[in-house]
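>>> got a structure for you, letters missing:
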């Protein structure tokens, strides 16, 4: 398990969210529990968490709901049983604040406005007149404008081959995972390069690196389930010959 990497990932995510101390404490507690169990999913009761963190049960309930709404965890509750938790590995590294979003929009608007000014008929006439007066040759090319969002998407989405080649360099990679890796690529690509929580994937290498161990556990669990089916022999009937 990439325990330290998930901690660094969480701190990067929190730079844009600024969670309350109770939410930070509970997420790190769940991460430590996951590390101790060597699994990304586990069962633990609200009473145990309440005693270990010194928080009331209503606070535990509201806090885990907050973590789930942010796409950090998934959980299921059932009366009489400990709560089931699963850590989400491929959530975005940084949640962009409203201020940053506004700055990005302003930059795109500025670039578009600059292009409109540069292609205005009066500006073009002025450039042509300047060329005639100074006897200099100025070549004016029509460059299609590409927004910052379009450029980012084109640069960040790899090909299937790049995706698989990078996965093969990771420590947790195994040959039997190739089919699951291709499925993961197709799932993200068909979802406009968003993860299972419908959040934009801003760093696909980091997301794949964190998701790969979870994919490996799923393959292992399926293999164990198939091997656990007993081979039941049909009992002999009275008509069988000895």
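Okay, I see it. A quick note: this is a predicted structure, and the numbers were derived from the prediction, not measured. Numbers count the residues shown, from 1 in each chain.

>>> low-confidence ranges in the chain?
1-2, 93-155, 219-242 (pLDDT under 70).

>>> all helices for this structure, in order.
For the chain, the helices defined by DSSP state H cover 3-17, 21-37, 46-53, 57-69, 98-118, 121-134, 148-156, 160-167, 178-190, 204-227.

>>> Now do the first one and helix 21-37, the angle between them.
Computed with axes from the mean of the first three to the mean of the last three Cα atoms, to 10 degrees, the direction of helix 3-17 lies at 160 degrees from that of helix 21-37.

>>> Which strands or helices does helix 3-17 pack on?
Counting contacts by 3 or more Cβ pairs under 8 Å, 6 or more residues apart in numbering; DSSP states H and E, helix 3-17 packs against helix 21-37, helix 204-227. (C-beta placed from N, C-alpha, C; glycine too.)

>>> Can you point out the buried residues in the shortest one?
Applying a neighbour-count criterion of 16 or more other Cβ atoms under 10 Å, one finds 23, 24, 25, 26, 27, 29, 30, 31, 33, 34, 35 buried in helix 21-37.

>>> Between those residues, which sits nearest residue 64?
residue 26 (6.7 Å; Cβ to Cβ).

>>> Return the residues in contact with the nearest residue to residue 22 once chain neighbours are set aside.
Of all residues not flanking residue 22 in the chain, residue 63 sits nearest, at 5.4 Å (Cβ to Cβ, 6 or more residues apart in numbering). Residues near residue 63 by Cβ atoms under 8 Å, 6 or more residues apart in numbering: 22, 23, 26, 55.

>>> you'd agree residue 26 is up against residue 53?
Yes: with contact defined as Cβ atoms under 8 Å, residue 26 reaches residue 53; the gap is 6.6 Å.

>>> what do the two both touch?
Common neighbours of residue 26 and residue 53 (Cβ under 8 Å, 6+ apart) are residue 60.

>>> From residue 191, how far out is residue 156?
For residue 156, the distance to residue 191 (Cβ to Cβ, to the nearest Å) stands at 14 Å.

>>> Residue 182: neighbour count?
Counted with other Cβ atoms under 10 Å, the neighbours of residue 182 add up to 14.

>>> Sorry, slip of the keys, the one I care about is residue 8.
For residue 8, the tally of surrounding residues (other Cβ under 10 Å) stands at 12.

>>> cool, and the one 3 residues further on?
When neighbours are counted by other Cβ under 10 Å, residue 11 registers 10.

>>> Turn the helices and strands packed on helix 3-17 into JSON lines, including distance to residue 91.
Shown next, in JSON lines, are these (distance: least, Cβ to Cβ, whole Å):
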{"stretch": "helix 21-37", "distance to residue 91": "11"}
{"stretch": "helix 204-227", "distance to residue 91": "8"}
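
>>> I'd like to know which of the ones you listed lies nearest to residue 90.
Per Cβ to Cβ, nearest to residue 90 of the helices and strands packed on helix 3-17: helix 204-227, 4.2 Å.

>>> roughly how far apart are residue 28 and residue 85?
13 Å.

>>> For residue 11, state which of the buried residues of helix 21-37 is nearest.
Nearest to residue 11 among those: residue 24, at 9.3 Å, using Cβ to Cβ.

>>> Disregarding flanking residues, what is the spatial nearest neighbour of the closest one?
For residue 24, ignoring the flanking residues on the chain, the nearest one in space by Cβ to Cβ, 6+ apart is residue 14 at 6.9 Å.

>>> tally of neighbours for the one you found?
Counted with other Cβ under 10 Å, residue 14 comes out at 17.

>>> can you start the count at 170 instead of 1 from here on
Okay, using 170 as the starting number, the last item reads as residue 183.
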